[in-house]
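[1] sequence and predicted structure, then a few things I'm wondering about:
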Amino acid sequence: MSNNNLPEIFETFADARKKGFLTMKAEKDKGRNVVGIFCTYTPREIIYAADALSVSLCSTSEETIPEAEKRLPKNLCPLIKSSYGFAITDKCPYMYFSDLIVGETTCDGKKKMYELLGEVKDTHVMQLPHTRNSYSFELWKNEIKELIKKLEEKFNVEITEEKLKDAIKLCNEERNVMKEFFSLAKLVPSPVKGTEMHDVMNSSNFKFDKKEFFEEIRKTTQNMKERYDKGETPFTKDTPRILITGCPTGGVVDKVIKQIEEIGGSVVCIENCVGTKNFEMLVDEENKDPIEAIAERYINIPCSIMTPNDGRMERIKQYIEDYKVDGVVDVTLTACHTYAIETEKVRRTVEGLGKSYLAIETNYSNSDAPQLRTRLEAFVEML
C-alpha cells in the first residue's frame, strides 16, 4: 500500500467550481446563455440543444441560511434554505450569471420556495409527477415540451430534433466516462478515495468544455489503473468498504465521507442523486423519438420523491454486490421527509443482505461533526 499523492489533476477537479466562475464570466462575455439548475431531474439535453450552458447552483453551504431564514421557516431542509439564500444575497456567481433558473417539484418545500425565487430570477418550474405510469409519463413528456418552448422563447433559438440527438449523445458520453471512473472503486482495495470521487462528481457540473472534461476523466481513470497495478492504493484489502446513500452530499462531504476515511473506512460508492445513479441510465439514442427517450430516462431516476421507489432498493442491492460493500451509511438532511421515511425500507434492504446499516440525520452546520465522528468510528470499528 502506498499513500503517494494521487494525480495532480484531482486538484483541478476540486477547484473546478471556483475556476468555473471565471470560465462562465468569459462565456457570458461572448454572449452565451446560462441556465441554472438544482436537480438531476432537469434534462440537460434540452438545455444543450438550446446552445446554452447548464450549471448546478450553489446550495451546499450554511453561509446564506441565516439570511434565508428571515423569509423561510427555520425548520426547513438546509438545501432549500441555502439555495434561496444564495439567490437573495448574490453570493453565488452561478446564480448571478444565470439567465434562467429551472426548478422541478421534487418536494413541497422546493416548489413553494420557487415562488419566492421567481421574484428574484426568471424561474421555470417543471411539474414532476411523483409516480410512474402511462399517465404520469405523458404529463412529464409535456413538461419537457414546455421547457423546450420556454428556452426557445427565452433565447430566441430553435431546438430541433437533430440538436436534441446531438445533446443526447453528449450526455450519454459523459455518463459512460463517469461510470468507468466510478467502477475503479469496485477493485479491492479501492484505488480511489470517496472524497476524490465526490470532487470529480461535483466538478462535472462546472466543467463547460465537455470534450476536454471527458479527456481529463479518461486520463485520470487510466492513471489510477496503472497505479493500482503497481500496488499503489490508499487502502488495504481489509479496509471496511462503505456505500453512502440518501440526500445530496454536497454540504456534508467533509463531516461524513471525509471523516469515514479518516477513521479507517473506504467509501467505495456514493449512491446519492449527485452520485453513481446520476450517471447510471442512458438515454436511448436509436429507437425512440428524442423527447420520448429523454422523458423515459429522467422519470425513472429512483429518488425518494417517487412512490413507490423500489428502484432505489434494487440499485442499492446491486451496488452492495458490485462494490463488495460491508456497510451502508444513509444520510438524511434535516426535514427531508421523503428520505427520512424511506430509511426504514433502506435499513430492511441492507440488513436483509446481512450488511451493517447506519442512519444519520444532519444539516450543513459543523456543530454535530464531533458527535457524527463518534458514531462513525463505532460503525467502522464494528465492520
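    Happy to help now that I have it.
[2] CA only for contacts and neighbour counts going forward, please
    OK.
[3] can you list the buried residues in the helix or strand harbouring residue 317?
    According to DSSP states H and E, residue 317 maps onto helix 310-322. Neighbour counts over helix 310-322 (16 or more other CA atoms under 10 Å) mark 312, 313, 316, 317, 319, 320 as buried.
[4] distance of the third one from residue 74?
    For residue 316, the distance to residue 74 under the criterion CA to CA, to the nearest Å works out to 32 Å.
[5] over to the second one?
    Using CA to CA, one gets 31 Å for the distance from residue 313 to residue 74.
[6] can you check the fourth one too?
    Noted for residue 317: a distance of 36 Å to residue 74, by CA to CA.
[7] which parts of stretch 146-163 are buried?
    Residues of stretch 146-163 classed as buried by neighbour count (16+ other CA under 10 Å): 147, 148, 151, 152, 155, 159, 163.
[8] what does it rub up against?
    Residues from elsewhere that reach stretch 146-163 (CA atoms under 8 Å, 6 or more residues apart in numbering): 33, 46, 47, 49, 50, 124, 126, 290.
[9] so which residue is dead centre in the chain?
    residue 274 (1.3 Å; CA atoms, centre = their mean).
[10] tell me the secondary structure at the nearest residue in space to it that is not next to it in sequence.
    Of all residues not flanking residue 274 in the chain, residue 248 sits nearest, at 6.2 Å (CA to CA, 6 or more residues apart in numbering). Recorded secondary structure, residue 248: coil (DSSP: H, G, I helix; E, B strand; the rest coil).
[11] residue contacts, residue 248?
    Contacts for residue 248 were tallied using CA under 8 Å, 6+ apart; they are 272, 273, 274.
[12] ok, of the residues you listed, which one's closest to residue 176?
    Of all these, residue 176 sits closest to residue 274, with 15.1 Å by CA to CA.
[13] give me the three-state assignment for the closest one.
    coil.
[14] test my guess that it contacts residue 40.
    Yes. Counting by CA atoms under 8 Å, residue 40 is a contact partner of residue 274 at 7.1 Å.
[15] show me the shaky parts of the stretch 101-250 of the chain.
    Scanning the stretch 101-250 of the chain for pLDDT under 70 picks out no residues.
[16] can you name the element that comes right after the helix or strand harbouring residue 85?
    Under the criterion of DSSP H and E, residue 85 resides in helix 78-89. Tracing the chain C-terminally past helix 78-89 and defining elements by DSSP H and E, one meets helix 93-97 next.
[17] would you list every one of the strands in the stretch 51-200 of the chain?
    Remark: strands assigned in the stretch 51-200 of the chain by DSSP state E, counting those that start in this stretch are 52-56, 100-104, 123-126.
[18] contacting residues around the first one?
    Outside strand 52-56, the residues that touch it by CA under 8 Å, 6+ apart are 32-39, 44, 47-48, 94, 205-206, 208.
[19] next one: stretch 26-33
    Contact partners of stretch 26-33, identified using CA under 8 Å, 6+ apart, comprise 34, 51, 52, 53, 97, 98, 99, 155.
[20] and if you look at stretch 123-140?
    Against stretch 123-140 from outside (CA under 8 Å, 6+ apart): 100-106, 111, 114, 117, 143-144, 147, 150, 295-296, 299-300, 305-308.
[21] nearest to residue 200 among the buried residues of helix 310-322?
    Nearest to residue 200 among the buried residues of helix 310-322, with distances taken as CA to CA, is residue 319, at 19.2 Å.
[22] and the pLDDT at the closest one?
    pLDDT, residue 319: 98.
[23] that one touches residue 270, doesn't it?
    No. With contact defined as CA under 8 Å, residue 319 does not count as touching residue 270 (9.5 Å).
[24] tell me which of the strands of the stretch 51-200 of the chain sits nearest to residue 352.
    Of all these, it is strand 100-104 that lies closest to residue 352, at 33.6 Å by CA to CA.
[25] let me see the residues that make contact with the closest one.
    34-39, 41-42, 110-111, 114, 121-128.
[26] using PDB, write out the CA atom coordinates for that strand.
    C-alpha atoms of strand 100-104 as PDB (Å, rounded to 0.1, in the frame of the first residue of the first chain):
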ATOM      1  CA  LEU A 100     -33.000  31.400 -16.400                       C
ATOM      2  CA  ILE A 101     -33.500  29.000 -13.400                       C
ATOM      3  CA  VAL A 102     -35.100  25.700 -14.000                       C
ATOM      4  CA  GLY A 103     -36.600  24.000 -10.900                       C
ATOM      5  CA  GLU A 104     -38.700  20.900 -10.500                       C
END
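[27] what's the angle from that strand to strand 52-56?
    50 degrees (axes from the mean of the first three to the mean of the last three CA atoms, to 10 degrees).
[28] show me how far strand 100-104 is from its chain's centre.
    Relative to the chain's own centre, strand 100-104 is displaced by 16 Å; criterion: CA atoms, centre = their mean, to the nearest Å.
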